[in-house]
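# my questions concern the predicted model and sequence given below.
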Amino acid sequence: MDRTIFHCDLNSFYASVELLSHPELRHLPVAVCGDPASRHGIILAKNEPAKSFQVKTAETIWQAKRKCPNLVLLPAHHGIYRDFSRKINALYQEYTDLVEPFGIDESWLDITGTLHLFGGDAKTMADQLRREIRSRFGLTISVGVSFNKVFAKLGSDYKKPDATTVITRENFHEIVWPLPVTDLLYVGRAAAQTFQKFNIRTIGDLAAFDRQQLFSLLGKSGVQLHDFASGGDRSPVAPAGQYTPPKSVGNGYTFPKNLQGRDEIKAGIAQLSDQVAARLRKHGMKCQGISLAIRDPDFRDISRQTRLDPPTDLARELTQAAVSLADTVWNMSNPVRAMTVTAIYLIPADEAGAQLDLFSAGQDEKRQRLERLEGTLDIIRSKYGPGAIAPASSSRAPHQERHASPPGGSSF
């Protein structure tokens, strides 16, 4: 028996929440952004009129204003957004106890077991949910309805705003397969570049591609993406309130002043790595790989990743690996505008401990000292604030400001 999965996506969430307090601006192009006076000010969300000017999330304010000179800029209020998110997910739980948030403005609902309580028709139930969100909160959602999570998400993206799209086993070839392959969940930049080399441009192209060759090109993730494209996703919707460990942990910064020279670049990497390591420990995870992305003042990006052995949650080891990547791919005399360090291939810390016991017994004592030291830093920060103490290696970096990054990862 097929499941019935909803993916509910709040439309232009930040902007829509802000416009509840500014209804007079609804007809104007509006964007929520970071500090316009700072170089790290970027567009966090925009309303439908702003979208008509091709204003995009994550672009800089000056880029957006160049497209739309009359763009109205509003500051972000993240506490308010979190409060709305909690209340809306509580509403979802009135329909099913299987509610899995995917970021602050998206959630999956498995309504297989409760559909009969709401009339038995999934589209009718989705439309009812949309009306209730509008009535209670003054916000709109788009809902994708399908037999798995991946296609449900594609459905919520298919038609916006305030729409329901049903993707079934009978119609997914017509709806899903013509879509760009980059629309598929978890097709990142590296996979997209690989697909382009093999003329895989649509989700249908990916479904038709040889599965074994995808394994050779991308490993297990290639096979998983092939299953996604073919309708084979069987991942469950987690019960409401169940902790879901992150798939990656990253921090990205745009620097108020370009970093110049190896010392400043290394110091910037050290500060990013320290924060990533602290978040790994908070989640009880270690990483088996690290990714470094660098942006120059002309907005050209380069990104590389490498495997780590053994797995780690130590800032020192993340810094060493990221600096090594930078030495390999970047001319250290060139200025750096922004960087992102991301811990990838995460595993629970206790599993990593078992690997260390087997393969690096001679390093145990030194590693335990480092782990105690960084654990002490976590305690100090939790008591006195995140800026109370920092690695000595980051002391040469100019003042940094964090910019927005998506859950589980980061972006410029």
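Right, received. Where do you want to start?
# now for Ala76: which residues touch it?
By C-beta atoms under 8 Å, 6 or more residues apart in numbering, the contact set of Ala76 is Tyr14, Val32, Cys33, Gly34, Leu44. C-beta here means a position set from N, CA and C on the backbone, and glycine is covered the same way.
# I'd like to know how far it sits from Ile200.
37 Å (C-beta to C-beta, to the nearest Å).
# and Pro246, by the same measure?
In terms of C-beta to C-beta, Pro246 sits 28 Å off from Ile200.
# of the two, which one has the most company?
Neighbour totals were compared for Pro246 and Ile200, and Ile200 leads with 23 against 15 (other C-beta atoms under 10 Å).
# quick check: the farthest pair among the contacts of Ala76?
Farthest pair in these (C-beta to C-beta) is Tyr14 and Gly34. Separation: 11.4 Å.
# retrieve the pLDDT associated with Ile42.
Among the per-residue scores, Ile42 shows a pLDDT of 84.
# number the residues from 54 up from this point.
Got it, the first residue is 54 from now on, which makes the last one we talked about Ile95.
# show me what it is bridged to.
Thr113 (DSSP bridges).
# which residues do Tyr67 and Gly87 both contact?
Going by C-beta under 8 Å, 6+ apart, residues that sit against Tyr67 and also against Gly87 are Leu97, Ala129.
# more neighbours: which of these two?
Tyr67 (27 against 22).
# quick check: phi and psi at Val125.
Phi and psi for Val125, reported as degrees, to the nearest 10, are phi -90, psi 130.
# contacts only, for it.
By C-beta under 8 Å, 6+ apart, Val125 lies in contact with Leu78, Leu81, Pro82, Val83, Ala84.
# buried ones from those residues, can you make that a ChimeraX selection?
Per 16 or more other C-beta atoms under 10 Å, the buried members of these correspond to this ChimeraX selection:
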select :78,82,83,84
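# can I get the contacts of Val125 in TSV including distance to Arg56 and pLDDT?
Formatted as TSV, the contacts of Val125 follow (distance: C-beta to C-beta, whole Å; pLDDT from 0 to 100):
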residue	distance to Arg56	pLDDT
Leu78	41	96
Leu81	42	97
Pro82	40	97
Val83	38	97
Ala84	37	95
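# ok, so of the contacts of Val125, who is nearest Gln107?
Pro82 (10.7 Å).
# next up, phi/psi of that closest one, please.
phi -70, psi 120.
# surely it is in contact with Gln107?
No - Pro82 sits out of contact with Gln107 when judged by C-beta atoms under 8 Å, with a separation of 10.7 Å.
# host element of the closest residue to Asp366 other than its chain neighbours?
Spatial nearest neighbour of Asp366, excluding adjacent residues (C-beta to C-beta, 6 or more residues apart in numbering): Leu333 at 4.1 Å. Element membership for Leu333 (DSSP states H and E) is helix 314-336.
# give me the element the closest residue in space to Leu259 that isn't next to it in sequence is part of.
Closest residue to Leu259 apart from its sequence neighbours, by C-beta to C-beta, 6+ apart: Ala282 at 4.2 Å. Assessed by DSSP H and E, Ala282 sits inside helix 273-283.
# do the same with Ser344
Secondary structure assigned from DSSP H and E places Ser344 in strand 338-348.
# ok so, going back, which ones are touching the residue nearest to Asp366?
Contacts of Leu333 (C-beta under 8 Å, 6+ apart): Val302, Lys339, Cys340, Asp366, Ala396, Leu399.
# pretty sure Phe66 sits against Ile157.
Yes - counting by C-beta under 8 Å, Phe66 does reach Ile157; the two are 7.0 Å apart.
# tell me which of those two has more neighbours.
Taking other C-beta under 10 Å, Phe66 and Ile157 do not tie; Phe66 has more neighbours (23 against 19).
# list the contacts of the more buried one.
Ala98, Tyr134, Phe137, Ile157, Asp158, Leu192 are the contacts of Phe66 under C-beta under 8 Å, 6+ apart.
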